[in-house]
Structure formats: C-alpha cells, structure tokens
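>>> Return a 3D structure for these sequence lines:
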Amino acid sequence: MIFELNEDDEKTLDSLLAIWLEGNLQAHSFIPKNYWLDNQVAVREGLAQARIFVKETDGKAVGFFRVSRRRDCRIICQRAISKTRNW
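Coordinates of the predicted model:
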C-alpha cells in the first residue's frame, strides 16, 4: 500500500528516518558515519515539512518518496525492496 504521510505520524516518520540513514550509510560509505548521524535532526525536520508518500508492506514502512516544491521526486527505500523494484 502507498499512502501520503500525515505530519503527526511520528512512528512512521521514525521509520522513514531509519530507512534514510541505512540507505545513506550503505550508499555513501566513503563519508564518515558521524556526518549522517549528525544530520538526522535536520533531515527529520525536513521530512516532517515535505510531501511524503510511503510504501508499506505488511504494516511496515519499507520506502518513501518525497515531492518537493521544485516538483522533483526522490525515492528512498530499503535495500531489499530496491532489488525487487516492486512499487
């Protein structure tokens, strides 16, 4: 199921931040881990203010995409789901 994130949904927002962190640690291993850890608060605030659509499987957030004011779109998902491309 895909749904639009409600800004008051703290639990899902926490899950999305974990997906973001895991993805960046895997994709950008050449950047020190502390860089990503130190930016979690700013990213969480940005996610809370953005228009986010969440992909959920078996009641668990597995990925999301953000649509910005510039009308671009960024897709972030767990590694397992990215291999299946099952959106």
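
>>> for the helix or strand where Val41 lies, which positions count as buried?
Taking DSSP states H and E as the criterion, Val41 maps to helix 40-49. Across helix 40-49, burial judged by 16 or more other C-beta atoms under 10 Å covers Arg44, Leu47, Ala48. No exception for glycine: its C-beta is placed from N, CA and C like everyone else's.

>>> With distance to Asp9 as new columns, can those be given to me in a markdown table?
Listed next are the buried residues of helix 40-49 as a markdown table, based on distance: C-beta to C-beta, whole Å:
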| residue | distance to Asp9 |
| --- | --- |
| Arg44 | 13 |
| Leu47 | 11 |
| Ala48 | 10 |
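
>>> Closest to Val62 out of those residues?
Of all the buried residues of helix 40-49, the one with the least separation from Val62 (C-beta to C-beta) is Leu47, at 15.7 Å.

>>> For that closest one, which residues are in contact?
Leu5, Leu13, Leu16, Leu17, Trp20, Arg66 (C-beta atoms under 8 Å, 6 or more residues apart in numbering).

>>> Out of the residues you listed, which sit inside strands?
Arg66 (DSSP state E).

>>> Make a PyMOL selection of the buried ones in the contacts of Leu47.
Isolation of the buried members of the contacts of Leu47 (16+ other C-beta under 10 Å) is achieved in PyMOL through the command below:
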select buried, resi 5+13+16+17+20+66
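
>>> Tabulate the contacts of Leu47 (TSV), appending distance to Ser29 and pLDDT.
Converted to TSV, the contacts of Leu47 look like this (distance: C-beta to C-beta, whole Å; pLDDT from 0 to 100):
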residue	distance to Ser29	pLDDT
Leu5	28	92
Leu13	25	92
Leu16	21	93
Leu17	19	93
Trp20	15	91
Arg66	23	82
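
>>> Next one, pLDDT for Glu22 please.
At Glu22, the predicted lDDT confidence score is 90.

>>> Quickly find the element holding it.
Element membership of Glu22 [criterion: DSSP H and E] is helix 10-27.

>>> Of the contacts of Leu47, which is the nearest to Asp58?
Nearest to Asp58 among the contacts of Leu47, counting by C-beta to C-beta, is Leu16 at 16.4 Å.
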